[in-house]
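Undergrad: below: sequence and its predicted model.
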Amino acid sequence: MFFELIATVAAGMAAAGLALILGHLSGGRLPRWFIPVAAGAAMLGYAIWSEYSWAGRTVEGLPEGVEVLTTVEETRFWKPWTYVVPQTTRIMALDRAGVQTNPDASGILLADLYLFARWTPPAKRPQLVDCEAGARADVSRAALADPDAATWRSVGADDPLMEALCQS
């Protein structure tokens, strides 16, 4: 977040510098308010670009074998442009390469789910998935020792994790 603040200020200073040069080259014909308006517009433009490109930059940085399951797009009243083009604020990804099975608990898969949100550190949530029962559970020590001890919750076939693991 700190580096984005620095980059936003740098964009504003660069735009102010360009506006100052343009004012000098025009022989002083540009109005005096042009420099701060150019700086403010550049800062706002950079902030909007940064917010909208966050999801794409995050997905590009994922290692091979990690698949995006779902994204969440939101609108915010303090960002009126999000009503025109909603902003992606959260991503859920599956480490497909790391999916494991346990020979003692057939039909149950262990998968790592990664949750990304803007301005939040990524979270890794290991999940137990029972394709036959259509249920999944958060991994705990008790659940790893005995899958019957897990707190299972039924999810529909349209659950992104169930779709990714059970229908392929």
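TA: It's in.

Undergrad: going forward, measure contacts and count neighbours with C-alpha atoms only.
TA: Noted.

Undergrad: so where's this structure shaky on pLDDT?
TA: 147, 168 (pLDDT under 70).

Undergrad: the strands in it, which residues?
TA: Along the chain, the stretches classed as strands by DSSP state E are 66-74, 87-95, 100-102, 105-117, 120-130, 135-138, 153-154.

Undergrad: in a markdown table: the ones you listed, plus mean neighbour count and distance to residue 7.
TA: Below are these laid out as a markdown table (neighbours: other C-alpha atoms under 10 Å; distance: least, C-alpha to C-alpha, whole Å):
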| stretch | mean neighbour count | distance to residue 7 |
| --- | --- | --- |
| strand 66-74 | 15 | 24 |
| strand 87-95 | 20 | 20 |
| strand 100-102 | 13 | 42 |
| strand 105-117 | 18 | 20 |
| strand 120-130 | 17 | 19 |
| strand 135-138 | 19 | 39 |
| strand 153-154 | 12 | 44 |
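
Undergrad: show me the one of these that comes nearest residue 81.
TA: With C-alpha to C-alpha, the closest approach to residue 81 among these belongs to strand 87-95: 9.1 Å.

Undergrad: from residue 89, how far out is the residue nearest to residue 162 when sequence neighbours are not counted?
TA: Closest residue in space to residue 162, ignoring its immediate chain neighbours: residue 131 at 6.9 Å, by C-alpha to C-alpha, 6 or more residues apart in numbering. Residue 131 sits at a distance of 29 Å from residue 89 (criterion: C-alpha to C-alpha, to the nearest Å).

Undergrad: just the buried residues of the lengthiest helix in the chain, please?
TA: When the chain is parsed with DSSP state H, its longest helix is helix 34-60. Along helix 34-60, these residues count as buried under the neighbour rule (16 or more other C-alpha atoms under 10 Å): 35-36, 38-43, 46-47, 52, 54-55.
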